[in-house]
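Trainee: Model the structure of this input:
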Amino acid sequence: MTITPTELKARLDRGNTLRLIDVREADEWALVRLPGAELIPLSAFQQRATEELAPEETIVLYCHHGMRSARAQGFLKAKGYGNVINLTGGIDAWAVQVEPTMKRY
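Mentor: You can find the predicted model right below:
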């Protein structure tokens, strides 16, 4: 399952309950991130995700362009997580479509 930046923005604006997880690395996180996001870098994802995320939660994963978060999504799906969503185009697409003043790299 995927979600576009504008669809995610609408969900956030409505106050939908979800966990927003950034799977980029700490240096990327330091540059820019989505409000309310939590960092679980892909390099540590397999060790941390099943301890920190509950299978019944709605989880939205993102990275820079959507490839790393797709890998993280596949990992969680294989572990039985049912409602895991990948942000199409990642934070870069968010910057273009939702928040044009956001720093891009």
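
Trainee: use CA for all of it now, contacts and neighbours both
Mentor: OK.

Trainee: What ranges does this structure have for its strands?
Mentor: 2-3, 19-22, 38-39, 59-62, 84-87 (DSSP state E).

Trainee: what residue of the chain is the furthest out?
Mentor: residue 101 (19.7 Å; Cα atoms, centre = their mean).

Trainee: Would you mind listing the residues in contact with that residue?
Mentor: residue 95 (Cα atoms under 8 Å, 6 or more residues apart in numbering).

Trainee: Now do it, the pLDDT please.
Mentor: Listed pLDDT for residue 101 reads 96.

Trainee: Could you point out which of the strands of the chain sits nearest residue 78?
Mentor: Minimum separation from residue 78 across the strands of the chain (Cα to Cα) falls at strand 84-87, 10.9 Å.

Trainee: export the strands of the chain to JSON lines and tack on mean pLDDT, distance to residue 78 and mean neighbour count?
Mentor: Listed next are the strands of the chain as JSON lines, based on pLDDT from 0 to 100; distance: least, Cα to Cα, whole Å; neighbours: other Cα atoms under 10 Å:
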{"stretch": "strand 2-3", "mean pLDDT": "98", "distance to residue 78": "16", "mean neighbour count": "16"}
{"stretch": "strand 19-22", "mean pLDDT": "98", "distance to residue 78": "18", "mean neighbour count": "22"}
{"stretch": "strand 38-39", "mean pLDDT": "98", "distance to residue 78": "21", "mean neighbour count": "16"}
{"stretch": "strand 59-62", "mean pLDDT": "98", "distance to residue 78": "14", "mean neighbour count": "26"}
{"stretch": "strand 84-87", "mean pLDDT": "98", "distance to residue 78": "11", "mean neighbour count": "24"}
